[in-house]
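Colleague: Sequence first, then the predicted structure, then my questions.
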Amino acid sequence: MPDFRDEIPGSRTSAGRVSLAGLQVDMASGLLSSAALTGFYLQRIDHLNPALHAVITVNLDALAEAAASDAVRVADGPRGPLEGIPVLIKDNVQVAGMPTTAGSPALLSAEPPDAFCVQQLRAAGAVIIGKANLSEWANFRSGHSTSGWSTLGGQTANPYALDRNPSGSSSGSAAGVAAGLAPVAVGTETDGSILAPASACGVAAIKPTNGLVSRRGLVPISPVQDTAGPLALSVADAAALLSVLAGADPEDPIAPAEQDLAERTRRAVASSADRTALGDVSLDGARLGIWRDGSAAAGPATAALLGLAVAKLRSLGAVVTDPVTLPGADKIREPEFVALQHEFKYGINAYLAYLAGFGGGGSLPGSLAELIDFNQRNSDLVLSRFGQDIFITAEATSGDLTDPGYLSARREATRLARDAIAAPLATHGLEAIVALTANPAGLTDYVLGDHHVFHSCGPAAVAGCPSVTVPCGYVSGLPVGLSFFGPRWTEPRLIALAGAFEQATGVRQPPALAASVLAPR
């Protein structure tokens, strides 16, 4: 069994409890180099990934990038909190010189340039160590899918129990960080795909306000809801990664009226990351509402974690309204899914046309219809675990974002989600809403598909609002996260609140790659 207590050579910490601040101290003192750190994580990937399938591709240039970072540090000092830090990138985010596949062999032959957020990482001195496995096509291929499985990457396992599912679609990003294959990772979310796997794998994560991080270079589902975001072992480290990802991109289609808010939030996120890392955070006087309906389907042991979290929040001085209602939250999903199908057809057709300029020799599918045909022709491989019913229903839409039916669905979904969040905030004078993030990990099941009991990610995802999740406890040894979400552009406050809870509780325990655990309740 792997030893998660192994110390990083030249460092005073272990892979299971590493912090970016600690790594920077060790590199600044000369005890540790980026080359040694990157080599350590490459060895862990080599040893552990055959059991986890969290990494789909290793960057063959990672050691050279690390050596270049070491040279910059000696010559000019670190460029920021990520100087020399290995980062995993979900394989639907473009990285130059490496395939960006979304887990599908259909995209293997294209090598597009860096996504804008990856450019930001490189400019900050980060080392791209590899691409993380994911639920194929970010879980938007079939309604009967198994999260964490892709044709190219196989089945990602949950580090807390290998027969349990890591959730998705940022499965490899979450499992990779939890298992110490990299200190931080980039995931993406359309609805729950950062927060749910972070919860299932016992790590911290931030789903930013849509538009804070550029969407340029992401394999798309929705131009409205898609975003990249950070996963890490702590809120402070997630915030530090977000402060780098969240650069202004003139080619990202953010509304001009929101650009100033985005820029102010970017600056404030960096400041809040520093405060969280230094412990300068408090819940005293924070006004929080508890959304119990979001986890109404939870079993007794899982539900009890929310009760313990509420008691802890109150003991730390928070002013808690328990419960609060998110009116209409149960009505969001139907118009959202109608809108997403239109947006996916529109977005993937445009993306495949764009990819044609980056290799493939004519072998790349040029449209969603051709992608469906590719999957059917390769069904023994690509459709071996589940089908492509969502692809087929999306292809049946117009894919026209001026279609009145589409516009009606998208407006209704957005209205419902934003009203659901705004109502309790206004009624009770709240800063944020708190809920359990998702159920403990279910068994990976290729017959019945994912065992979803609940997740509370939908309202913030559809409203484009930020959310932060942090571990709050365990059920039968499996992690459960607690989410803090609120109005758009309030990342700094949510980071502070979640960071204060994290520091006061300290519940996270590194995983041990157990073969299985007892069934959670």
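Modeller: That came in fine, so what should we check first? Residues are numbered from 1 along each chain as shown.

Colleague: Every contact and neighbour count from this point should use C-alpha atoms.
Modeller: Noted.

Colleague: okay, now R12: neighbour count?
Modeller: Residues near R12, counting by other Cα atoms under 10 Å, number 14.

Colleague: so the nearest residue to S167 once chain neighbours are set aside, which of the three states?
Modeller: Of all residues not flanking S167 in the chain, P197 sits nearest, at 4.6 Å (Cα to Cα, 6 or more residues apart in numbering). Put simply, P197 is helix when judged by DSSP: H, G, I helix; E, B strand; the rest coil.

Colleague: OK, contacts around P197?
Modeller: By Cα atoms under 8 Å, 6 or more residues apart in numbering, the residues touching P197 are 166-171, 174-175.

Colleague: Which parts of the stretch 251-400 of the chain are strands?
Modeller: 287-290, 319-321 (DSSP state E, counting those that start in this stretch).

Colleague: Any idea which of those strands gets closest to G359?
Modeller: strand 287-290 (50.2 Å; Cα to Cα).

Colleague: Starting from the closest one, tell me which strands it pairs with and how they run.
Modeller: Strand pairing for strand 287-290, using DSSP bridges, gives strand 319-321 (parallel), strand 432-436 (parallel).

Colleague: partners of the nearest residue to I433 once chain neighbours are set aside in the sheet?
Modeller: Nearest non-adjacent residue to I433, counting by Cα to Cα, 6+ apart: G289, 4.8 Å away. When bridges are called by DSSP bridges, G289 pairs up with T321, I433.

Colleague: Counting neighbours, what do you get for G289?
Modeller: 26.

Colleague: Also E412?
Modeller: 17.

Colleague: Now do whichever helix or strand it is part of: distance to the chain's middle.
Modeller: Using DSSP states H and E, E412 falls within helix 404-428. Averaging C-alpha positions (Cα atoms, centre = their mean, to the nearest Å) puts helix 404-428 23 Å from its chain's average.

Colleague: and it, what does it pack onto?
Modeller: Helix 404-428 is packed against strand 287-290, helix 333-355, helix 458-463, with contacts defined by 3 or more Cα pairs under 8 Å, 6 or more residues apart in numbering; DSSP states H and E.

Colleague: Pull out the buried positions in that helix.
Modeller: Residues 406-407, 409-410, 412-414, 416-425 are the ones in helix 404-428 that count as buried (16 or more other Cα atoms under 10 Å).

Colleague: ok, and what's touching it?
Modeller: By Cα under 8 Å, 6+ apart, helix 404-428 touches 289, 321, 324-329, 331-336, 338-339, 342, 400-401, 430-433, 458-460, 462-463, 486-487.

Colleague: Most tightly packed of the strands paired with strand 287-290?
Modeller: With neighbours taken as mean count of other Cα atoms under 10 Å, these reach their highest mean count in strand 432-436, at a mean of 27.

Colleague: Only C-alpha atoms, please: export that one in PDB.
Modeller: Taking Å, rounded to 0.1, in the frame of the first residue of the first chain, the C-alpha atoms of strand 432-436 are listed here in PDB:
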ATOM      1  CA  ALA A 432     -23.600  33.400   1.800                       C
ATOM      2  CA  ILE A 433     -25.600  30.100   1.700                       C
ATOM      3  CA  VAL A 434     -24.100  26.900   3.200                       C
ATOM      4  CA  ALA A 435     -25.000  23.400   2.200                       C
ATOM      5  CA  LEU A 436     -23.500  19.900   2.000                       C
END
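
Colleague: remind me which residues of this structure are low pLDDT?
Modeller: 1-5, 278, 360-362, 519-521 (pLDDT under 70).

Colleague: Recalculate using a threshold of 80.
Modeller: 1-5, 12, 277-279, 359-362, 518-521 (pLDDT under 80).

Colleague: which ones are touching the residue nearest to I433?
Modeller: So G289 contacts 320-324, 424-425, 428, 430, 432-434 (Cα under 8 Å, 6+ apart).

Colleague: okay, the residues you listed in CSV with distance to V74 next?
Modeller: As requested, the contacts of G289 are arranged in CSV below (distance: Cα to Cα, whole Å):
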residue, distance to V74
V320, 49
T321, 52
D322, 53
P323, 54
V324, 53
P424, 52
L425, 49
H428, 53
L430, 47
A432, 43
I433, 45
V434, 44
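
Colleague: Of those residues, which is the nearest to N139?
Modeller: After measuring the contacts of G289 against N139 - Cα to Cα - the closest member comes out as V434, at 25.7 Å.

Colleague: hang on, isn't that closest one packed against S483?
Modeller: Yes - under the criterion of Cα atoms under 8 Å, V434 makes contact with S483 at 5.5 Å.
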